[in-house]
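Q: Return a 3D structure for these sequence lines:
(chains A and B)
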Amino acid sequence: MILTTLKKESKELFRDGRIRIAFILVIILTIVAVIISAWHYKDINEEYVLAKQSEREVWDNQGEKNPHSAAHYGTYAFKPKYPLALIDQGVDKYTGTSIFLEAHKRNEAQFDEASDQTGLARFGNLTPDFILMFIIPLLIIFIAYNSLTKEKEMGTITLLNSQGVIGFKLIFGKWLAVFSPLFALLFVLFVATGIILSSLPDFGIFSWSSLATLFLAYVVYYAIFINLVFIISGLVKKSGIALVLSLSIWILVCLILPKTASNIAEYKYPYPSKQEFAENITKDKKEGLDGHNPWSEASKALEKQVLKEYGVDSLSQLPFNYDGYRMQKGEEHQAEVYFKHYKQLKAQYSNQSRVYSQLAVVSPFLPTRFLSMSIANTDYTTHWDFADAAENYRIETQKFLNEHFAEESEYGDWSWKADADFWKQLPKFNYEPPTLTENLKHNIGNILILLCWLLGSFAILFFTTKSLKNVKI
Amino acid sequence: MLKYNFKYEWLLLIRNRWIQVLTILLLILFGFAVYNGIQKVDARTSNIAEAINQFKTGEKEMLAQLDSIDKGFEVNASSWLVPTRPIVIGNLHPRVVNMPAKSTAFVATGQSDLFAHYVQPIVTGDDSTLSFKEMTSPVQLLFGSFDLAFVIVYLLPLLIIAFSFNILASERESGSLKLLASQPIDIRIWVLQKLGLRFFWLVIAIIITLSIVFIVFGFDFKTGFMSFVALLSIVIAYALFWFVLAFATNIWIRSSAKNAITLIGFWILFVLLSPSLINQMSNTLYPIPSRTLMLNEMRSIKAEATKKQDEILDNFLRDHPEYATNDSTQVRGFYQKYMATQELIQDELKPLLSEFEAQISNQHRLVNASSWLSPALIVQNTLNSIAGTSTEDYQDFKRQSLAFSKEWRNFFKPMLFKDSTFGKSDYKNLPEFEFSYAIVNMYSKTLGLVFLSSLILFLVLALKPSKQQIELFG
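A: Sure thing, here's the model as predicted:
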């Protein structure tokens, strides 16, 4: 029975001109999106490699200089793009790509793409994730909205009933007829992407297992959508109404709820404004040691402590340059201040994430979106991870410079300069993004919600169509 | 016959609760959207107010210190923080260069969640790295905001589709079309009447609900009346467009489900696909140069300039003898070198930065021209302009604040070069900033939409019904 229905439905779908056109359109759009994203990905990565190299050259060739001048001169950490960004760009457009690493200060990442584009960018780009998240569910609606209503409108449901067809078997056959072409489309897209990515040089951390997991996430997402559309089709009488209702669900799930979630998250757990954040940090910084200010109370206290520790009377008797030592202590205090404030910011973001998870109960779009971005390493968490890694590197760099200054020069000698070769000794900045396992662990909530959606929607579909008599005529 | 139809249609609309449902839905959607918009505007306004407040506190303290110094008293401040040093005023007491919200800012979030609404440029600041970005969670930026513009651009067409896709088809499907066809009336006129009436009631519902929502949230009609009228007219023109489209599909397409599919196809095309296609096209035709590579170049220019600071200062003073002092004993300070170098760097960066500006404005031109491919885009742009949150507004703010930054620097430059002190009398002369929104023509696009709708309507009425259609109607 299931097979017969599958055959009959597939044939019917295939013969329907509109569905053929819709399918072809989606395929063309997908191909265009993949090609554009691949270009973009290649460009960005080439720029990244170039930028990283030439920034390092600038750093290495700064010539003789006081280490603290070099610290102020600073260097940049650049964020690479990861292979699966080809499928899901996530929030990459809105996060900066380079972080300036200087003395005393943790900077935000600069230069996000969205700031440089027209307002149109906010409507969304033609990227594979746009098609996967929004357009394919729409395609599902177009294919499946009348799968049950048409039996009612043509009166064939009475015939089916008289033949004693078991409801869920018929439904399952129809379900497969909708699911299999999508599955095939998705499979081809993912395999093609995998091949493109593994054939690119320096694709680095691309892994087939991440790609497969991403594939699985979308399969589940589409299964949920098919179930929803089938449930509606079983409950209403007219195809037109079924279509409009399915579409309303789509709008609600994919557009209204994410936007509402973002609004609720913002006014429940607002971010400080840029200025407010900076001010709070300045306030905290002032309370502690400032490496540039030897007259402050904190400096005096440190001085006393160090003198006592080394059992000497004056700073110049210390076995190292106290200026460098104080600089380092000040740096450590400031790093702590930043750590504290960024921790608060992160806490605020976890609160916001909770709001998104709560609303995920009513929108399968949300958990899929977060899971997909996370697997692709284009989510906010990866950005945080990168920013933290850059900050750690900044702290290490400061330590490296201050210690050299403290060890090699005399107290009070601010005109002392480090060798031109010295800069090359600074270790390079290397960043490894979270692995698939880490990402999945982090998204356990989203995965559970998605599975609940899958099982729940299957159950409802099963019970509402167990017997075709239940299907409203 | 016409009068008869009119009366019964009206009774029908009331009895099947079409009007009631629509009004309540609009009230809820508009209400929630405006509430969200106002939350955002409030946050923006209070942020600016707080910054100004902080500035004023610092200013008061600084003025008191200046006063004391004027009177010959000692002040309790470290030597490098004494406000008679011009650099202290220029760097530690920067003006809050802000972009206050328009009274209609809550209408569209636009780019307001992406960009900061005030900056504080300082004398030794670097304009090319002055950040105009607000601190927002990128997830929020990705999802966007449930604002009035979203309701109007995305949801209103769907409401219209839901209430108009089966006007003719339902008559056919329920068999009453035959009865109608026996009446002496052109079927197209009959559909037009039916839709016309629905349009009329929708317009009334929109005007009433929007007014209620605006009144409830305390909109100031006295100052904002013209914006309110502009808002209403673009919304009505947009609704008209969708009704005309519904009319065309009702006439040309047989079944109600196919009708719905066609209309939704248009919706997807106009609201989802065209914007992303046009955006992609503008990015491909006018790619924005790489910021990362710009950064590299900037670093090289700066590194080069820093090495040659002394030489640069010499050249600078030769070009600007007015900044040179006759005092040959004067030591060339850090700030003199810095300012001269900064000037050179800015000059050298200019072609690089203007490349960005040029590409962005090229993109804008393309996007503006091609926005006629999608009425949704036209409406979104118009709503952004009404709200003062369009990309153009933020670019304007950037331009004006950079101009002010230059003014601010130029004010202090002679003082820094001549090592003169900042006195109380100089304080009055400090440049002030006030942002002015560009004046936009809010009706040209509305008229364009009305024209487009009339064109479609005319086409549908002028084309003779095809054989197939006559067969259908008969």
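
Q: going forward, measure contacts between C-alpha atoms and count neighbours the same way
A: OK.

Q: So for the residue in the stretch 151-300 of chain A that chain B sits nearest to, what's the pLDDT?
A: Nearest residue of the stretch 151-300 of chain A to chain B: residue A:240, at 4.1 Å (Cα to the nearest Cα). On pLDDT, residue A:240 comes in at 79.

Q: so who does it touch?
A: B:256, B:257, B:258, B:260 (Cα atoms under 8 Å, 6 or more residues apart in numbering or on different chains).

Q: and after the one helix or strand it maps to, which helix or strand comes next?
A: Using DSSP states H and E, residue A:240 sits within helix A:239-250. The element immediately downstream of helix A:239-250 (helix or strand, assigned by DSSP H and E) is helix A:257-268.

Q: And the spatially most central residue of chain A, its phi and psi?
A: Closest to where the C-alpha atoms of chain A average out (Cα atoms, centre = their mean) is residue A:379, at 1.0 Å. Backbone torsions of residue A:379, given as degrees, to the nearest 10, read phi -90, psi 180.

Q: Spatially, which residue comes closest to it, not counting chain neighbours?
A: residue A:373 (4.9 Å; Cα to Cα, 6 or more residues apart in numbering or on different chains).

Q: the longest helix in the chain is where?
A: Answering for chain A, as no chain was given. Ranked by residue count and defined by DSSP state H, the top helix of chain A is helix A:17-60.

Q: that's the other chain; I wanted chain B
A: Secondary structure assigned by DSSP H gives helix B:18-70 as the longest helix of chain B.

Q: I'd like the mean pLDDT over the helix or strand following that helix, please.
A: Using DSSP H and E, the helix or strand that follows helix B:18-70 in sequence is helix B:86-92. Over the span of helix B:86-92, the pLDDT mean works out to 86.

Q: So is stretch A:352-371 next to chain B?
A: No. No part of stretch A:352-371 sits near chain B under the criterion Cα under 8 Å from any Cα of the partner chain; the closest distance found is 9.2 Å.

Q: And the residue of the stretch 151-300 of chain A closest to chain B, how close does it get to residue A:157?
A: 18 Å (Cα to Cα, to the nearest Å).

Q: My read is that residue A:244 contacts residue B:260, right?
A: Yes. With contact defined as Cα atoms under 8 Å, residue A:244 and residue B:260 form a contacting pair (7.4 Å).

Q: any shared contact partners between these two?
A: residue B:162.

Q: Look at the two and report which has more neighbours.
A: Per other Cα atoms under 10 Å in any protein chain shown, whichever of residue A:244 and residue B:260 has more neighbours is residue B:260, with 25 against 22.

Q: Flag the helix or strand of the chain with the lowest per-element mean pLDDT.
A: By default, I'm working from chain A. helix A:156-162 (a mean of 74; mean pLDDT, DSSP states H and E).

Q: buried set for that helix?
A: residue A:157 (16 or more other Cα atoms under 10 Å in any protein chain shown).

Q: Would you pull up the residue in the stretch 1-150 of chain A closest to chain B?
A: residue A:125 (4.7 Å).

Q: And the closest residue in space to that residue that isn't next to it in sequence, its phi and psi?
A: For residue A:125, ignoring the flanking residues on the chain, the nearest one in space by Cα to Cα, 6+ apart is residue B:276 at 4.7 Å. For residue B:276, the backbone dihedrals are phi -70, psi -30 (criterion: degrees, to the nearest 10).

Q: Tell me, how many residues neighbour residue B:276?
A: 22.

Q: got the contact list for it?
A: Neighbour list for residue B:276: A:120, A:121, A:123, A:124, A:125, A:126 [criterion: Cα under 8 Å, 6+ apart].

Q: From residue A:270, how far off is residue A:280?
A: Counting by Cα to Cα, the gap from residue A:280 to residue A:270 is 15 Å.

Q: burial count for residue B:428?
A: With other Cα under 10 Å as criterion, residue B:428 counts 9.

Q: what do you get for the one 3 residues further on?
A: Taking other Cα under 10 Å as the criterion, the count of residues near residue B:431 is 14.

Q: roughly how far apart are the closest residue to chain A within chain B and residue A:343?
A: Going by Cα to the nearest Cα, chain A is nearest to residue B:257 of chain B, at 4.1 Å. As judged by Cα to Cα, residue B:257 and residue A:343 stand 53 Å apart.

Q: Of these two, give the one with the bigger neighbour count.
A: Higher neighbour count among residue B:257 and residue A:343: residue B:257, with 23 against 12, using other Cα under 10 Å.

Q: Correct me if wrong, but that one is in a strand.
A: No. When classified by DSSP: H, G, I helix; E, B strand; the rest coil, residue B:257 is found to be helix rather than part of a strand.

Q: That one: what's it in contact with?
A: Residue B:257 touches A:239, A:240, A:241, A:243, B:166, counting by Cα under 8 Å, 6+ apart.

Q: ok, the third one - how many residues close by?
A: By the criterion of other Cα under 10 Å, residue A:241 has 21 neighbours.

Q: Once you drop chain neighbours, what's closest to it?
A: With Cα to Cα, 6+ apart as the criterion, residue A:241 has its nearest non-adjacent residue at 7.9 Å, and that residue is residue B:257.

Q: Local confidence estimate at the one you found?
A: Residue-level pLDDT assigned to residue B:257 equals 72.

Q: returning to that earlier point: who's more crowded, residue A:280 and residue A:270?
A: For residue A:280 versus residue A:270, neighbours defined as other Cα under 10 Å are more numerous around residue A:270 (18 against 14).

Q: does the more buried one count as helix, strand or coil?
A: The local conformation at residue A:270, judged by three-state DSSP, is coil.

Q: wait, doesn't it sit right on residue A:347?
A: No. Using Cα under 8 Å, residue A:270 is not in contact with residue A:347; the gap is 11.1 Å.

Q: For the residue nearest to residue B:287 when sequence neighbours are not counted, list the residues it contacts.
A: Spatially, and ignoring its direct neighbours in sequence, residue B:287 is nearest to residue B:359 (6.9 Å; Cα to Cα, 6+ apart). Residues near residue B:359 by Cα under 8 Å, 6+ apart: B:286, B:287, B:288.

Q: what's the spacing between residue B:359 and residue A:337?
A: 40 Å.

Q: Show the residue spans covered by the strands in the chain.
A: Defaulting to chain A. Under the criterion DSSP state E, strands of chain A are mapped to A:75-78, A:98-102, A:105-106.

Q: The chain in question should be chain B.
A: B:97-98, B:118-119.

Q: can you list the weak-confidence ranges in the stretch 201-350 of chain B?
A: B:310-311, B:316-333 (pLDDT under 70).

Q: related to what we said a few turns ago, so the residue nearest to the centre of chain A versus residue A:386, what's the distance?
A: Counting by Cα to Cα - residue A:379 and residue A:386 are separated by 11 Å.
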